[in-house]
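from the sequence below, what's the structure:
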Amino acid sequence: MNNQTIQGVISPRAAWTLLGMVIFFWGVNWPVMKFGLQYVPPLTFAVFRVAMGAVVLAAVAAWRGELRLPHRNDWPVVLGVGLLQMAAFMGLINVALQYVPAGRSAILAYTTSLWVVPLAAWWLGEKLTVLRLLGLVLGLAGVAVMFNPFGFDWRDPHTVLGNGLLLFAALLWAILIVQVRGHRWQGSPLSLAPWQLGLAAVTLLPFALLFEDASTIRWGSTLGWVLLYNGPIATAFCFWAMITVTRALPAITTSLGTLCVPLVGYASAAFFLHEHITLSNTVGFVLILSGLVLATYSDWRTNQQAKKS
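Numbering: from 1, shown residues only. You can find the predicted model right below:
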């Protein structure tokens, strides 16, 4: 059997390679974004990212014959993804990164799955299994550790604001996940992504123009390399790669794999930016990661049982 294709998709070996690349690129993108904020304001940075990602993915979709207007049934989700995940989430984390270390930011931003558990129970009536509850308790305990008064300065308003924005961004992403659960997609992810990213760019642009000074942008080769990594690689390539990976590997594998992104972000921020690895952040991260793993496994087991019934 050809090592590059299996049942119309890439081989498991190639899929694992792509998944590893996504984890690495997304994780390293946290210190890259933190570094890039020295050269460009946060909302303008987000506009550059989503606009470049939209252009690259539109070109890929056109090359594959998938560039078309979304089906009317997909427009509510296109709006949700574009406004909540791509515009609000990316804008908020960029603003937060001005005040919060990149490693800590990666950990807090990836608490999304924790907030999905109570939201899905309240909004969709999903059952709160023992594993989901245990995962939620562990995750919340991790968040509490990271915000304990001995390791967190509650007196600094910028620190409080930045950390609050990260948790709020994670909550918005969780709301989106709950919104799209059960949606019957008409278009492929690749055909919808350029519209979602384009909508995010159009949404963020007025805020960037209104609240930020474009004259403060420090144009040059350094900013060029940062934007090249942030847009075409960490956004466009990684989005395409995750679409490809999900077609070749089990959902539980990709879900657990992406939980390694904050670990890479935490470690790479310490390596590249020389951020301190603190006890509260490390203990909090271990607890949050444990909670996310339990919640993810519970979702997978529930889905497997539903398929058998």
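
give me phi/psi at residue 69?
phi -60, psi 140 (degrees, to the nearest 10).

spatially nearest residue to it (excluding sequence neighbours)?
residue 195 (7.9 Å; Cβ to Cβ, 6 or more residues apart in numbering). C-betas here are computed from N, CA, C, even on glycine.

quick one: contacts for that neighbour?
69-70, 78, 82 (Cβ atoms under 8 Å, 6 or more residues apart in numbering).

try 10 Å
54, 57-58, 61, 67-70, 74-75, 78-79, 81-82, 187 (Cβ atoms under 10 Å, 6 or more residues apart in numbering).

just the ones of those in helices?
In this view, the contacts of residue 195 that belong to helices under DSSP state H are 54, 57-58, 61, 75, 78-79.

top of the residues you listed by number of neighbours, please.
residue 57 (28 neighbours; other Cβ atoms under 10 Å).

give me the buried positions along the helix or strand encompassing residue 223.
Following DSSP states H and E, one finds residue 223 within helix 221-228. Neighbour-count burial for helix 221-228, counted by 16 or more other Cβ atoms under 10 Å, picks out 223, 226-227.

and those residues, which is closest to residue 88?
residue 227 (20.7 Å; Cβ to Cβ).

the lowest-mean-pLDDT helix or strand in the chain: how far from the chain's middle?
Within the chain, judged by mean pLDDT, DSSP states H and E, the helix or strand with the poorest mean is helix 251-258; its value is a mean of 81. The chain centre lies 14 Å from the centre of helix 251-258; the measure is Cα atoms, centre = their mean, to the nearest Å.

can you put the buried residues of helix 221-228 in TSV and add pLDDT?
TSV is the format used below for those (pLDDT from 0 to 100):
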residue	pLDDT
223	97
226	98
227	97
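
would you turn those residues into TSV with distance to residue 115?
TSV is the format used below for the buried residues of helix 221-228 (distance: Cβ to Cβ, whole Å):
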residue	distance to residue 115
223	34
226	30
227	30
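
quick one: the helices in the stretch 201-309 of the chain, in order.
221-228, 238-246, 251-258, 261-272, 279-308 (DSSP state H, counting those that start in this stretch).

what comes up buried for the second one?
Residues 238-242, 244-246 are the ones in helix 238-246 that count as buried (16+ other Cβ under 10 Å).

straight-line length of stretch 104-124, end to end?
End-to-end span of stretch 104-124 (Cα to Cα, to the nearest Å): 31 Å.

could you give the average pLDDT over it?
The average of the pLDDT scores along stretch 104-124 is 91.

any idea how far the residue nearest to residue 69 is from residue 94?
For residue 195, the distance to residue 94 (Cβ to Cβ, to the nearest Å) stands at 22 Å.

and if you look at residue 241?
For residue 241, the distance to residue 94 - Cβ to Cβ - is 22 Å.

swap in residue 122?
Counting by Cβ to Cβ - residue 122 and residue 94 are separated by 29 Å.

neighbour-wise, which of these two wins?
Shown here are residue 122 and residue 94; by other Cβ under 10 Å, residue 94 has more neighbours (26 against 11).

and that one, what does it touch?
33-34, 36-37, 40-47, 49, 105, 165, 169, 204.

what does stretch 154-165 contact?
Here stretch 154-165 has contacts from 91-101, 104-105, 108-109, 143, 146-149, 152-153, using Cβ under 10 Å, 6+ apart.

selection in ChimeraX covering whichever of the residues you listed are buried, please.
If you want just the buried ones from these in ChimeraX, going by 16+ other Cβ under 10 Å, the selection is:
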select :91,92,93,94,95,96,97,99,100,101,104,105,108,109,143,146,147,152
